[in-house]
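>>> Sequence first, then the predicted structure, then my questions.
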Amino acid sequence: MFKAIGIICILIGCVGWGNRKIGQERERIRQLHTMRRILERIRAEIAYGKHTLPEICLMLTEINDIRYQKCFQRIYQAASVSGSGLPALWKAEFEAFLKDQPLQEEERELFVGLPDRLGFQEETGQAESIGRLEELLAQKAGYAEEGCENKTKMIRSVSILTGLLLTIWLL
Amino acid sequence: MCEEEVLRLFPEKIRGKWKEVAGQAEKLQEIRLRAGKPLTILVDEKERFVDPGGRIVDRQEAAARQESAELEEILKHLCQYSIYAFADEIRQGFLTVQGGHRIGLAGQALLDGENRIVNLKYIRYLNIRIAHQVKGAADPLIPLLYERGRVVSTLLISPPGGGKTTMLRDIIRQISNGTAYGRGINVSVVDERSEIAGSFLGIAQNDVGTRTDVLDGCPKVEGMMRLIRAMSPQALAVDELGGIEDMQALRMANGCGCRLLATIHGSSLEEVLRKSYMRYAAEEGLFERYIVLDRTAGARGIEGVYDREGKPCLRR
């Protein structure tokens, strides 16, 4: 009886670990799409609305992700209300936020490094520069999506197999 | 105008140096930053300097020199790290920031094939003109701006820095809210350089009255026609007339029954009326009052008020 319960627990644990890994991968893809959509909005607001970056941050407080909303709210408050420098604020805010997200280092750096692409004197050049960043993120999201199905199958198989092996080994 | 507002003109890391200057916010008129040259400020009509420790000094030799890199950082900060958003203003040589402060720029001009300035590069000279809203500045003028309870078209004349915009802003506020001489009327403002209302995110930062509509950042000629069609104003206000097109637009507005409130650079009525584009404005009686301002004059800088024929209504 105890053995059977133990086997079930081990199997559930391993499958749970596998599901967590799959969830992380899906979350990574979701995050990449969110970041890409944010950059797309920034690019459009620059190209068509000629808004300043603090103004765009204020607009982005309405984005459909509460965690990003809060980041943009804080950046806008600090940049616009207290007048602090936007590049430093952006880096500090998103470095802290993205470090806990299931993203690869390079993906994090692409988004955090947005201020390095600022300083263009006309909106088309500025928008194009951000557009290139957006393309890179879209590419990363595309690759991640392509590999996601296979990765899911592999993780699921490995987790079940690990569970079975552990069970056999412990028996 | 408070200390905090002046400090916010500078990036956070150098604000310490400007604390004492910001403490003079009420009297501060200009901050002049020139690469490699002493930090100069204009306080209460007096030129003074800022030493490396941020203290205000009278001796030029004790003044700190402005570094080019820091100047660029200040410009980026003033543009909110969004230089593209201020490209048109930079091309024209000035930009207006939150609070209505105007930043004059100079550097190297880039010209196109037709000798028009397409951009400014190596911006090494900044003149930060601190905007002050002086409520009540127009009090002595208000009785002269009404005839039988009706606002009269008025032109404010003064040299640069003579307080035209400050006076215009207060006139707009008072006639919009209503005074003892006439009830409040709808005023439309074409705020080409965002100096009158000091709009930020479309909201006027200065008090320009309850019945005032502001078209911010729009060229005067186009803005005037647009506002007449869209907002049906009883009075139309513009800053710094500067050419025949402006006068033609004003004539058209006058023809629509709008009272006009405008400013122009000049040191006297005679000098202004000598300008070719002003001549027929005088002949047609476009303006019913001419107000000449001079900072050195008493009574809030009012040098004289003249009627449409140039006869004085008030002289200092």
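Yes, it's here.

>>> make it CA atoms for all contacts and neighbour counts henceforth
OK.

>>> B:R91 versus the residue of chain B found nearest chain A, what's the distance?
Chain A sits closest to B:Y84 of chain B, with a gap of 4.2 Å, by C-alpha to the nearest C-alpha. Distance from B:Y84 to B:R91, counting by C-alpha to C-alpha, to the nearest Å: 11 Å.

>>> Then A:T52?
According to C-alpha to C-alpha, A:T52 stands 17 Å off from B:R91.

>>> Just give the number of residues close to B:P219.
Per other C-alpha atoms under 10 Å in any protein chain shown, the neighbour tally for B:P219 reads 14.

>>> Need phi/psi at the nearest residue to it once chain neighbours are set aside.
Sequence neighbours aside, B:E192 is the residue nearest to B:P219 in space, at 5.4 Å (criterion: C-alpha to C-alpha, 6 or more residues apart in numbering or on different chains). With angles defined as degrees, to the nearest 10, B:E192 sits at phi -60, psi -40.

>>> Quick one: residues contacting B:E192.
By C-alpha atoms under 8 Å, 6 or more residues apart in numbering or on different chains, the contact set of B:E192 is B:215-220, B:239.

>>> Restricted to buried residues, select these in PyMOL.
Applying 16 or more other C-alpha atoms under 10 Å in any protein chain shown to the contacts of B:E192, the buried members can be selected in PyMOL as follows:
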select buried, chain B and resi 215+216+217+218+220+239
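
>>> need the contacts of B:E192 in a markdown table with secondary structure and distance to B:F49, can you?
Shown next, in a markdown table, are the contacts of B:E192 (DSSP: H, G, I helix; E, B strand; the rest coil; distance: C-alpha to C-alpha, whole Å):
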| residue | secondary structure | distance to B:F49 |
| --- | --- | --- |
| B:L215 | strand | 37 |
| B:D216 | strand | 34 |
| B:G217 | coil | 33 |
| B:C218 | coil | 36 |
| B:P219 | coil | 36 |
| B:K220 | helix | 37 |
| B:D239 | coil | 31 |
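
>>> Looking at the contacts of B:E192, spot the one nearest A:E109.
B:G217 (36.7 Å; C-alpha to C-alpha).

>>> Relative to B:V214, how far out is the closest residue in space to the closest one that isn't next to it in sequence?
Closest residue in space to B:G217, ignoring its immediate chain neighbours: B:E192 at 4.3 Å, by C-alpha to C-alpha, 6+ apart. Between B:E192 and B:V214 the computed distance is 10 Å (C-alpha to C-alpha).

>>> for chain A, what's the longest helix?
As assigned by DSSP state H, the longest helix anywhere in chain A is helix A:123-170.

>>> Do any residues in that helix lie close to chain B?
Yes - using C-alpha under 8 Å from any C-alpha of the partner chain, we find that helix A:123-170 touches chain B at A:123, A:126.

>>> now that helix, how far from the centre of its chain.
Chain-centre distance of helix A:123-170: 11 Å, with C-alpha atoms, centre = their mean, to the nearest Å.

>>> What helices and strands are in contact with that helix?
Contacts defined by 3 or more C-alpha pairs under 8 Å, 6 or more residues apart in numbering or on different chains; DSSP states H and E place helix A:123-170 against helix A:2-44, helix A:105-112.

>>> could you list every residue that touches residue 43?
Using chain A here. Residues near A:R43 by C-alpha under 8 Å, 6+ apart: A:126-128, A:130-131.

>>> You answered for a different chain; I wanted chain B.
With contacts defined as C-alpha under 8 Å, 6+ apart, the neighbours of B:V43 are B:24, B:27-30.

>>> Excluding covalently adjacent residues, which one is nearest to it?
Nearest to B:V43 is B:L28, by C-alpha to C-alpha, 6+ apart, at 4.5 Å.

>>> and that neighbour, how many residues sit next to it?
22.

>>> and the stretch 51-200 of chain B, which of its residues are near chain A?
Looking at chain A, the residues of the stretch 51-200 of chain B close enough under C-alpha under 8 Å from any C-alpha are B:76-77, B:79-85, B:87.
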